[in-house]
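Q: Next come a sequence and a model predicted from it.
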Amino acid sequence: MKVVKFGGSSMADAGQYRKVRDILLADPERRVVIVSAAGKRFSGDHKLTDLLYLCYSHVKYGVDCSLIFDMIRSRYLGIQNALGLKIDLEPELNELKSRVAAKQVTREELVSRGEYFSAKLMAAYLGFQFIDSANWVKFNYDGTVDQEATYEALRSQFLGCTGAVIPGFYGSMPDGSIHTFSRGGSDITGSLAAAALDADVYENWTDVSGILMADPRIVENPQAIPEVTYDELRELSYSGAQVLHEDSIFPVREKNIPVNIRNTNDPTAPGTMIRESFEGDHDPDRFITGITGKKDFSIISLSKRGMSNQVGVLYKVLKVLVRHKISVDYVPNGIDNVSVVLPTKSIEKDLYTILSEIQLEAEPDTLEVHHDIAVVAAVGRKMAFRPGISGKIFAALGESGINIRMINQGPDELNIIFGVDNRDFENAIKVLYNSFITK
Ligand code: ASP
């Protein structure tokens with residue numbers, strides 16, 4: 001059995017609903033469908049969830065939200081009418097509108113209604129059963145999910161069901177009130193459903209034909225990654241590429257359920273398969289799985305004669321950063337110097353206080369800060385224990401005149417990370433892509 005999740009763009013209008021139905025009809029194993037709220041139909045359009053948040057803010061500050069609510073209502077009624085569905089959401093939408101105006105609806109309940117109405121419509125369209133996520137996704141009061149209770153509840157509600165449509169993004173607190181995941185959280189709902197029902201695969205349908213090997217804003221028409229491990233995906237998303245909600249990996253990974261990223265607008269494309277590991281190597285020459293990165297890092301760098309013989313210099317630097325609740329991304333070092341690489345945004349506000357505290361505690365001979373650094377990560381499970389890879393990567397960058405400011409490789413050799421000037425960021429990614437992926 002397959003659990004399939006459709007994102008907002010796949011739920012944007014009646015035309016997309018038809019594509020979803022065709023995808024389900026093409027494979028009877030696709031029996032559990034998780035849906036997002038309606039997304040954008042075209043650039044410049046609004047996501048329903050954004051409108052719902054906006055609606056709540058209006059009411060909170062005493063401004064009439066009728067106009068926005070009517071936009072929401074007409075999106076859903078438009079889909080309902082275009083598909084000629086037998087259900088009528090209008091009374092429920094009207095009732096919600098008056099409860100919102102009377103301030104009887106919490107923020108979480110209101111923003112969850114995008115998924116709720118999507119699922120109601122899709123269930124009616126497919127002739128599947130609607131299973132409300134308020135009745136099975138069980139949150140603890142600290143916002144974590146009570147997995148056991150959640151799995152148990154879904155299993156019992158799915159019993160005897162041939163097909164179900166389930167709204168993503170929300171569940172309920174122990175007192176029954178609605179609680180939502182963070183934005184993009186329908187991915188987590190899908191993953192929980194796949195884990196609860198021991199699905200063979202969790203298909204996540206979106207509007208790209210898989211996870212791309214590089215950012216399409218930088219590389220023209222990048223290829224999709226056919227196979228990626230969970231660990232590689234972590235590396236890719238940590239350094240920039242965001243395809244799935246981070247927390248959605250855990251439930252399926254625990255149960256060893258593969259995730260397949262697919263494109264609703266191109267259903268024959270195989271997309272990207274995410275698994276714990278892969279057997280065999282279809283393309284031994286290609287050692288990079290994906291390239292990613294982020295701009296705007298800073299390097300705080302200090303040197304001190306004889307540092308290598310002293311205990312605790314790095315500790316003192318980190319202590320200052322911990323005090324300011326700043327997390328460090330990389331710690332490249334030399335014999336008598338050490339530096340920490342962190343997002344510029346995280347130190348901007350308190351930079352001078354932080355520097356003076358480091359000066360006081362660690363007493364370095366020199367203390368410098370460099371801004372406008374970009375971090376690029378070449379990620380690939382096939383790089384591990386294979387000599388010559390970093391040589392090739394740095395040779396290609398050198399030949400293109402790109403100066404490397406920092407180098408870091410994790411002990412699992414899953415990635416090679418390097419820092420360049422912000423202005424070289426796009427070029428570095430292009431050079432890696434053109435040298436090692438298209439060749
Ligand atoms: N609709 C929610 C959001 O826009 C959740 C989701 O689509 O995954 O964040």
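A: Received it, and whenever you're ready, just let me know what you need.

Q: By mean pLDDT, flag the weakest helix or strand of this structure.
A: Lowest on mean pLDDT, DSSP states H and E among the helices and strands of the chain sits helix 230-238, with a mean of 86.

Q: quick one, phi/psi of the residue in the stretch 301-439 of the chain positioned nearest to the ligand?
A: Proximity of the stretch 301-439 of the chain to the ligand (CB to the nearest ligand atom) peaks at Lys345, 22.2 Å away. C-betas here are computed from N, CA, C, even on glycine. Phi and psi for Lys345, reported as degrees, to the nearest 10, are phi -60, psi -30.

Q: which residues sit in contact with it?
A: Asp296 (CB atoms under 8 Å, 6 or more residues apart in numbering).

Q: returning to that earlier point: can you point out the buried residues in the helix or strand following the least confident helix or strand of the chain?
A: Using DSSP states H and E, the helix or strand that follows helix 230-238 in sequence is helix 249-254. Within helix 249-254, the residues scored as buried using 16 or more other CB atoms under 10 Å are 249, 251-253.

Q: quick check, nearest of those to Asp336?
A: Ile249 (40.6 Å; CB to CB).

Q: Kindly provide the distance from the closest one to Ile257.
A: As defined by CB to CB, to the nearest Å, Ile249 lies at a distance of 11 Å from Ile257.

Q: Show me what from the stretch 301-439 of the chain comes close to the ligand.
A: By CB under 6 Å from any ligand atom, no part of the stretch 301-439 of the chain sits against the ligand.

Q: Okay, buried residues for stretch 21-40 please.
A: Buried-residue list, stretch 21-40, by 16+ other CB under 10 Å: 23-24, 30-39.

Q: Run the chain-centre distance for it.
A: Counting by CA atoms, centre = their mean, to the nearest Å, stretch 21-40 is centred 20 Å from the centre of its parent chain.

Q: ok, now stretch 290-307?
A: Distance, centroid of stretch 290-307 to centroid of chain: 25 Å (CA atoms, centre = their mean).

Q: mean confidence score for that stretch?
A: The average pLDDT for stretch 290-307 rounds to 94.

Q: again, but for stretch 141-159
A: Per-residue scores along stretch 141-159 average to 97.

Q: For the stretch 301-439 of the chain, which segments are assigned as helices?
A: 313-323, 344-348, 351-362, 389-399, 425-432 (DSSP state H, counting those that start in this stretch).

Q: Okay, buried residues for the first one please.
A: Neighbour-count burial for helix 313-323, with 16+ other CB under 10 Å as criterion, is recorded at 313-314, 316-318, 320-321.

Q: so what does that helix touch, helix or strand wise?
A: strand 290-303, strand 337-343, helix 351-362 (3 or more CB pairs under 8 Å, 6 or more residues apart in numbering; DSSP states H and E).

Q: before we move on, what about the third one?
A: With contacts defined as 3+ CB pairs under 8 Å, 6+ apart, the packing partners of helix 351-362 are strand 290-303, helix 313-323, strand 366-379.

Q: most packed of those?
A: Ranked by mean neighbour count under mean count of other CB atoms under 10 Å, the helices and strands packed on helix 351-362 are led by strand 290-303, which reaches a mean of 22.
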